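**Student:** Give me a 3D structure for the following:
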Amino acid sequence: MDKALPKTGLRRYSTCWHWILLVINSIVIGGVFPVQAAVERVKFATPSGYLLVEVLDDDLLHFELSPLVPGPLATQPLFTTPQVAKLDYNGPSSFQTSGPGGRVLETAEMSVQVDPATLCVMYTDKVRSAALTTVCPWNLSQAVKGLTMTPGSMQHTYGLGEQFITPGSADGDWTGRVRTPGDGFGNQMTGFGGGAAGNLQIPVMYALGADNINYAVFLDHAYKQRWDFTVNPWRVETSGDQIRWYVMTGANLPDLRRD
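**Tutor:** Numbers count the residues shown, from 1 in each chain. The predicted structure is shown next:
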């Protein structure tokens, strides 16, 4: 039978493991393991407006556009309405800027190029090497303002909530159509086919092209909106001092919907 360890030996043994655990904890806390990425923010400003870009993930970007210069600092998180549940993003796995004034912003999956004079944003899906759309301010200084979006190679648009279009048809493609808000406020029961049907505005637009080229736009905006897909570029009209939106990419429409 082994002899019992003397008390002094136990004390040394215990102290040794105590220091080992302290070292392990300090390694974990101190960041010897890979450090989590951070949310990145970049601001562009002109005499007539500003654009803030918030990079939340490799495939998710958040924007704020307003004529009320100078606007908030780029160190502050962008405002979100109660429509947004998730706020704890860790940032992209990689991020870099290039070009004059850092006008090109890149993550591992997305690239955006900002025109510092017009505040237009051109989006590219790096995974598929596909140009998606260019979003520009529209009537930014007016009470009714909005965004334009070039269709590019997109052939179909879906989403934007509940609005019946043609009696007897379940075709929900908005391409070539106008998504109008409910009378007055954007969410109302409106006349349809001899009855009253719901017109519920959910401001998420899914765009789809050939070979599953796609993206989604979520307009985080509480005011009523009118989306016009009969014009080129497409246009969404609304009101308010700021317009905030998210752009996301993914493998397909179900992936975008999960995001």
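
**Student:** tell me the mean pLDDT over stretch 129-137?
**Tutor:** Across stretch 129-137, pLDDT averages out at 97.

**Student:** What are the buried residues along that stretch?
**Tutor:** By neighbour count on 16 or more other C-beta atoms under 10 Å, the buried set for stretch 129-137 is Ala130, Leu132, Thr133, Thr134, Val135, Cys136, Pro137. C-beta here means a position set from N, CA and C on the backbone, and glycine is covered the same way.

**Student:** Which ones among these lie within strands?
**Tutor:** Ala130, Leu132, Thr133, Thr134, Val135, Cys136, Pro137 (DSSP state E).

**Student:** biggest separation within these, which pair?
**Tutor:** Using C-beta to C-beta, these reach their maximum pairwise distance at Ala130 and Pro137, which is 23.9 Å.

**Student:** residues touching Lys145, list them.
**Tutor:** By C-beta atoms under 8 Å, 6 or more residues apart in numbering, the contact list for Lys145 reads Pro67, Pro137, Trp138, Asn139, Glu237, Thr238, Ser239, Gly240, Ile243.

**Student:** try 6 Å
**Tutor:** Contact analysis of Lys145 by C-beta atoms under 6 Å, 6 or more residues apart in numbering lists Asn139.

**Student:** what's across from it in the sheet?
**Tutor:** Taking DSSP bridges as the rule, Lys145 bridges to Thr238.

**Student:** Could you report the pLDDT at it?
**Tutor:** pLDDT, Lys145: 98.

**Student:** what does Ser239 give?
**Tutor:** pLDDT, Ser239: 95.

**Student:** which residue packs closest to it, ignoring adjacent ones?
**Tutor:** Nearest non-adjacent residue to Ser239, counting by C-beta to C-beta, 6 or more residues apart in numbering: Tyr223, 5.0 Å away.

**Student:** Please apply the same query to Gly209.
**Tutor:** Closest to Gly209 by C-beta to C-beta, 6+ apart is Ser153, at 4.3 Å.

**Student:** What separation do you get for that neighbour and Asn212?
**Tutor:** Separation of Ser153 from Asn212 (C-beta to C-beta, to the nearest Å): 12 Å.

**Student:** Equivalent analysis for Asp59, please.
**Tutor:** Distance of Asp59 to Asn212, given as C-beta to C-beta: 14 Å.

**Student:** and stretch 191-198, how far apart are its ends?
**Tutor:** One end of stretch 191-198 to the other measures 9 Å (C-alpha to C-alpha, to the nearest Å).
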